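K.L.:
coords please:
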Amino acid sequence: MNIVVPIKIVPDLVEELAIDASGAALDNSWLRLIINEFDDHAMEQAILLKEQAGGQVTVIALSAEGVDDILFTAAAKGIDRLIKLETEEAAALNNHALARALAEVIADLKPDLILTGVQAHNDLDGSVGPLLAELLGMPYVGYIAGVKVSGDGALARKEYPGGLVAELLVQLPAVLGIQAAEKPPRYVAVSKVRQAMQTAKIDARPCPTLDPAGGLAPLRLYQPEPAERATMLEGDVEAVSAKIVELLKNAGVM
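P.N.:
Purely as a prediction, here's the structure:
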């Protein structure tokens, strides 16, 4: 089983985000980047499949600050092959450009299964998974919470609103958008990561041509703007109640 997991490096929302001078992008000089949470689950699901049925797992990421540490951590968890696509435009990429670059590299790897996070908190113009599936001519199923591989098919466990669960048999090769792995992403000690730094190798290669056509271009970013919309009511219970009734009548609710 040849499994490929493309991962996105996204801003850490725990940190305060600042907008640059253009007003249309984040200030990258102080931006802390981490692996997308759903991509971390996709990577864990790939490792579980490898442990169950054997095979090789390849992780692909675009160059960014701290991406080497993320890739070596992936190796410490059990990833077999690490690929880094070197580009200076990663921070400004839209998902259309990212998907096209990834598709060109992934096509040469001839995977049986591609697992990617179902979404990321900076997905403004579509998720990478469906875009990849279209470019590679593969079926796509998203919001998956468990995968079993048997022969030339994958049994994907898909969750629906209201607690409904379906099992879908998907013909391989295919792209699956992972919402949650069967187990939480595993923790690895710093010592194992350091060991991986000595033994694992990152295959750094030039990023294919980036074509952003079809994606959205942000025109303006801004912090939420406060507005004075609250009305403070004072007085005894009867006075406040009468005022509330008056306000509701004026709003056409009563």
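K.L.:
going forward, measure contacts between C-alpha atoms and count neighbours the same way
P.N.:
Noted.
K.L.:
how about low-confidence regions in the protein?
P.N.:
91 (pLDDT under 70).
K.L.:
can you map out the strands along this structure?
P.N.:
For the chain, applying DSSP state E gives strands covering 2-6, 9-11, 33-35, 56-62, 81-86, 113-117, 140-150, 153-160, 164-171, 174-178, 202-206.
K.L.:
will you turn the ones you listed into JSON lines that also has distance to residue 220 and mean neighbour count?
P.N.:
Formatted as JSON lines, these follow (distance: least, CA to CA, whole Å; neighbours: other CA atoms under 10 Å):
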{"stretch": "strand 2-6", "distance to residue 220": "29", "mean neighbour count": "23"}
{"stretch": "strand 9-11", "distance to residue 220": "18", "mean neighbour count": "21"}
{"stretch": "strand 33-35", "distance to residue 220": "21", "mean neighbour count": "19"}
{"stretch": "strand 56-62", "distance to residue 220": "25", "mean neighbour count": "22"}
{"stretch": "strand 81-86", "distance to residue 220": "28", "mean neighbour count": "19"}
{"stretch": "strand 113-117", "distance to residue 220": "27", "mean neighbour count": "27"}
{"stretch": "strand 140-150", "distance to residue 220": "30", "mean neighbour count": "19"}
{"stretch": "strand 153-160", "distance to residue 220": "34", "mean neighbour count": "18"}
{"stretch": "strand 164-171", "distance to residue 220": "39", "mean neighbour count": "14"}
{"stretch": "strand 174-178", "distance to residue 220": "29", "mean neighbour count": "26"}
{"stretch": "strand 202-206", "distance to residue 220": "31", "mean neighbour count": "13"}
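K.L.:
Which one of those lies nearest to residue 71?
P.N.:
strand 81-86 (6.4 Å; CA to CA).
K.L.:
what's the closest of the strands of the chain to residue 48?
P.N.:
strand 140-150 (9.2 Å).
K.L.:
Give me the contacts around the closest one.
P.N.:
Residues outside strand 140-150 that contact it (CA atoms under 8 Å, 6 or more residues apart in numbering) are 45, 49, 53, 118, 129-130, 133, 154-159, 174-182.
K.L.:
Just want the angle from it to strand 113-117.
P.N.:
130 degrees (axes from the mean of the first three to the mean of the last three CA atoms, to 10 degrees).
K.L.:
how about strand 140-150 as CSV, C-alpha atoms only?
P.N.:
Only the C-alpha atoms of strand 140-150 are listed here, as CSV (Å, rounded to 0.1, in the frame of the first residue of the first chain):
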residue,chain,number,x,y,z
TYR,A,140,-13.0,11.9,-3.3
VAL,A,141,-14.9,11.3,-0.1
GLY,A,142,-14.7,13.8,2.8
TYR,A,143,-15.4,13.9,6.5
ILE,A,144,-14.0,10.5,7.1
ALA,A,145,-13.5,9.1,10.6
GLY,A,146,-11.9,5.8,10.0
VAL,A,147,-10.5,3.8,7.0
LYS,A,148,-10.0,0.1,6.4
VAL,A,149,-8.3,-1.2,3.2
SER,A,150,-9.2,-4.5,1.5
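K.L.:
Show me what it pairs with in its sheet, parallel or antiparallel.
P.N.:
If you go by DSSP bridges, strand 140-150 pairs up with strand 153-160 (antiparallel), strand 174-178 (parallel).
K.L.:
who touches the residue nearest to residue 6 when sequence neighbours are not counted in this structure?
P.N.:
Distances taken as CA to CA, 6 or more residues apart in numbering put residue 60 closest to residue 6, at 4.6 Å, once the chain neighbours are dropped. Residues in contact with residue 60 (CA under 8 Å, 6+ apart) are 4-7, 82-85, 102.
K.L.:
One more: residue 220?
P.N.:
Residue 220 neighbours (CA under 8 Å, 6+ apart): 23-25.
K.L.:
burial count for residue 227?
P.N.:
By the criterion of other CA atoms under 10 Å, residue 227 has 6 neighbours.
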